[in-house]
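> pasting the structure only:
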């Protein structure tokens, strides 16, 4: 037996639920991006920082290769391409919400996380919408910057059409892994309250083991083995290695499968973490 | 003031500083897991710098004509100086937060200089790990260096480390001055820190002249570890500045720190409370 439908409210007909939900998701998702876009000073600052970083990384790796034609199986063009895209990696995480005091850490510490539980939107849905919006904005930045450096000849084009396809597939899967890792760190705030150390350690591990600090090919064998057992390299190192032709496209099936396994494992972990976080939330001073 | 009075006053200041640090450490010890991970991250972070520097030095021998030991000396100088700077001056990177929280208002009411209160308001726990790794790196670098150590060189080494401390403090204090007026400065401070930790470890003359120019002027990383290491190892032939300036770079860092303190004082006079 179903409950009787409520009488329609007078006035204009409401928009279909799916449209209004999409609109709501869009308004939530764009919050961090608007914070940056609507402040020209911040936008120009972010652009200047990124341009300088790319220039300096290009300088360093070009200079290093002046005495050695090939190192760690990479020639100059491959190494510079990898290192420059690694420099763009920080933008993939989206705009910095620290200055706006809008990180999960801030909300948990200041008690404003309570509002997440008073809205007609589940906290995990709100977090998801914000995170996806941030990451999409970051990806747009990275993609635009990539097109510019490609046009300027700073980075080389993909090794082949198949390499480009493998790059696209593994990048898409890598973005999901990146989101899950960032979300897990955020949810950890509910337990540790002050998780600045944990956040720093994960951000650092992401940069190091993803290959953003330096191409992983230059590290010792034991380091590469260790990195192979962690999820971080699937977010940058694997797609980039396909792009520059350092990994054969024959390996795509295996590497994509590893990414899918990580997505499944991290997905379960994230689901459990959110489930327990809702029961765990502490409102300090409230 | 008599000599005895000056000594008593200095002892009182040291006691007060120790009390500030103890309070900060006790406060952070409240969050045990975070405390332990903070120490761990200091060690792991710096280890990664060592691994990366070692990897580059091994893969690209003779970086800019410098031997592996010479390049390691730059990295060791910078890391040690950075660890000490983080212990003493991390407050400079917290100026935007302290301002946004309204804590500067409280600092202005107390009979201790505001700048000192800011520096002592927070003890950077990861520095414990930083220092441990820095000591190891120094030992490795000294082992690789083919150099006869004299009393003068050892003394200069100590002065060079202090120069790195003051240079990093100068950069963050200068930016911190802006932080009294805008919270967004924190991002620029993080960025400056990243640039210093990335490019402060190498002989900068391997970079094109435009980049070298930036590191001698806008972000004067060169005066931190690169130039003193050149003076110590005698690698002054390829420097873009005279050898005497390389030798005097700790003095340049001191001058830059004093300038940054002046800038900070100017900004503090214009401070407006966020509380209205």
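It's in. These numbers come from a predicted model, not from an experiment. Numbering: from 1, shown residues only, chains lettered A, B, ... in the order given.
> quick one: the helices in chain A?
A:17-29, A:31-37, A:40-64, A:76-92, A:104-110, A:123-151, A:161-192, A:196-210, A:221-228, A:237-244, A:252-280 (DSSP state H).
> Return the most buried member of those helices.
Mean neighbour count (mean count of other C-beta atoms under 10 Å in any protein chain shown) peaks for helix A:237-244 among the helices of chain A, with a mean of 26. Every C-beta, even on glycine, is put in place using the N, C-alpha and C of the backbone.
> Give me the mean pLDDT for that one.
For helix A:237-244, mean pLDDT is 95.
> Going by mean pLDDT, which of the helices of chain A comes out lowest?
helix A:196-210 - the lowest mean pLDDT of the helices of chain A, at a mean of 74.
> so who does the closest residue to residue A:223 other than its chain neighbours touch?
Of all residues not flanking residue A:223 in the chain, residue B:51 sits nearest, at 6.9 Å (C-beta to C-beta, 6 or more residues apart in numbering or on different chains). Contacts for residue B:51 (C-beta atoms under 8 Å, 6 or more residues apart in numbering or on different chains) come out as A:219, A:220, A:223.
> Give me the secondary structure label for the closest residue to residue B:156 other than its chain neighbours.
Excluding the flanking residues, the one nearest residue B:156 by C-beta to C-beta, 6+ apart is residue B:232, at 6.4 Å. Following DSSP: H, G, I helix; E, B strand; the rest coil, we place residue B:232 in the helix state.
> Let me see the contact set for residue B:232.
Residue B:232 neighbours (C-beta under 8 Å, 6+ apart): B:73, B:147, B:153, B:156, B:157, B:160.
> Output those in TSV; the columns should cover neighbour count.
What follows is these, written out as TSV (neighbours: other C-beta atoms under 10 Å in any protein chain shown):
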residue	neighbour count
B:73	28
B:147	14
B:153	13
B:156	17
B:157	20
B:160	27
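> of all the residues you listed, which two lie farthest apart?
B:147 and B:160 (13.6 Å; C-beta to C-beta).
> gap between residue B:60 and chain A?
5 Å (C-beta to the nearest C-beta, to the nearest Å).
> In contact with that residue, which residues are there?
Per C-beta under 8 Å, 6+ apart, neighbours of residue B:60: A:64, A:65, A:67, A:68, A:71.
> The last one bridge partners, please.
In this structure, residue A:71 has beta-bridge partners residue A:74, where bridges are defined by DSSP bridges.
> Pretty sure it sits against residue A:79.
Yes - counting by C-beta atoms under 8 Å, residue A:71 touches residue A:79, with 7.2 Å between them.
> tell me, what's touching those two both at once?
A:64, A:65.
> Just the pLDDT for residue B:137.
82.
> Sorry, slip of the keys, the one I care about is residue B:48.
For residue B:48, the predicted pLDDT is 71.
> Next one: residue A:114 from residue A:238, what distance?
40 Å (C-beta to C-beta, to the nearest Å).
> I'd like the distance between residue B:23 and residue A:119.
Counting by C-beta to C-beta - residue B:23 and residue A:119 are separated by 38 Å.
> where's the helix or strand bottoming out on mean pLDDT in chain B relative to the chain centroid, distance-wise?
Every helix and strand of chain B was ranked by mean pLDDT, DSSP states H and E. The lowest is helix B:32-59, at a mean of 73. What separates the centre of helix B:32-59 from the centre of its chain is 17 Å, taken as C-alpha atoms, centre = their mean, to the nearest Å.
> got it, and stretch B:268-276?
Distance, centroid of stretch B:268-276 to centroid of chain: 27 Å (C-alpha atoms, centre = their mean).
> Just the buried residues of it, please?
Residues of stretch B:268-276 classed as buried by neighbour count (16 or more other C-beta atoms under 10 Å in any protein chain shown): residue B:268.
> Kindly report the same for stretch B:119-138.
Buried-residue list, stretch B:119-138, by 16+ other C-beta under 10 Å: B:119-131, B:133-134, B:136-138.
> ok, and which of the residues you listed reach chain A?
Among the buried residues of stretch B:119-138, proximity to chain A is found for B:125, B:126 (C-beta under 8 Å from any C-beta of the partner chain).
> Could you check how far the closest residue to residue A:176 other than its chain neighbours is from chain B?
Leaving aside its sequence neighbours, residue A:176 sits nearest to residue A:263 (C-beta to C-beta, 6+ apart; 5.2 Å). In this view, residue A:263 and chain B are 26 Å apart by C-beta to the nearest C-beta.
> Sketch out the low-pLDDT regions of the stretch 1-150 of chain B for me.
Applying pLDDT under 70 to the stretch 1-150 of chain B picks out residues B:1, B:42, B:62.
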